[in-house]
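Visitor: Mind folding the following:
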Amino acid sequence: MASMLFGRAFNVARIHMDKRQGEVARLAGIDASYLASVECGRRKAPNRDVVDKLLPTLNADESLRTKLRCLAVIDRMLDVVEGQAADEMIMTRLNKLLRQVADFNEGEWDSLECALAALSNQCLRRKEG
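Guide: A predicted model of the protein is given here:
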């Protein structure tokens, strides 16, 4: 099952901002059923491009937008390493990144996206070989 940190938090924020799911999806240019699936955990956290389309629809402050971005990245990282708990090296890297993620600036976000891609590739190579 996909990690649900982003979906749950986005759902709470959307409801708190008194926004309807369909309205948010329309404003973001995504399918309402996709957003519903993300919010309830049936789909993985969206990629950065989709998150960047969703966040402005809430009219949230920068602090909330940053927290939601963090949760989306963390969800995607957890999805990558799901089932890899026995691989101590990957878990060590993930724990190190997660401890630092809350204070990231834009350049560090880019680095985190690269690290996520590297972890994904490493996991894929290990499964194949």
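Visitor: contacts, neighbours, all on C-alpha from now
Guide: Fine.
Visitor: dump the residue contacts of the residue nearest in space to the middle of the chain.
Guide: Nearest to the mean C-alpha position of the chain, by Cα atoms, centre = their mean, lies residue 72 at 1.5 Å. When contacts are counted by Cα atoms under 8 Å, 6 or more residues apart in numbering, residue 72 is found next to 5, 6, 45, 46, 47, 48, 51.
Visitor: Let's see the pLDDT reported for it.
Guide: The predicted local confidence for residue 72 comes out at a pLDDT of 88.
Visitor: What's the first helix or strand after the helix or strand bottoming out on mean pLDDT in the chain?
Guide: Lowest on mean pLDDT, DSSP states H and E among the helices and strands of the chain sits helix 88-100, with a mean of 69. Next along the chain after helix 88-100, taking DSSP states H and E as the criterion, comes helix 106-128.
Visitor: Which residues in that next one does the neighbour count mark as buried?
Guide: 109, 112, 113, 115, 116, 119, 120, 123 (16 or more other Cα atoms under 10 Å).
Visitor: ok, now stretch 68-82?
Guide: By neighbour count with 16+ other Cα under 10 Å, stretch 68-82 contains the buried residues 68-81.
Visitor: Can you list which of the residues you listed are found in helices?
Guide: 68-81 (DSSP state H).
Visitor: how far away is residue 10 from residue 126?
Guide: Distance of residue 10 to residue 126, computed by Cα to Cα, to the nearest Å: 33 Å.
Visitor: wait, residue 16
Guide: Here residue 16 is placed at a distance of 43 Å from residue 126 (Cα to Cα).
Visitor: likewise residue 61?
Guide: Using Cα to Cα, one obtains 41 Å as the distance from residue 61 to residue 126.
Visitor: Noted, bye for now.
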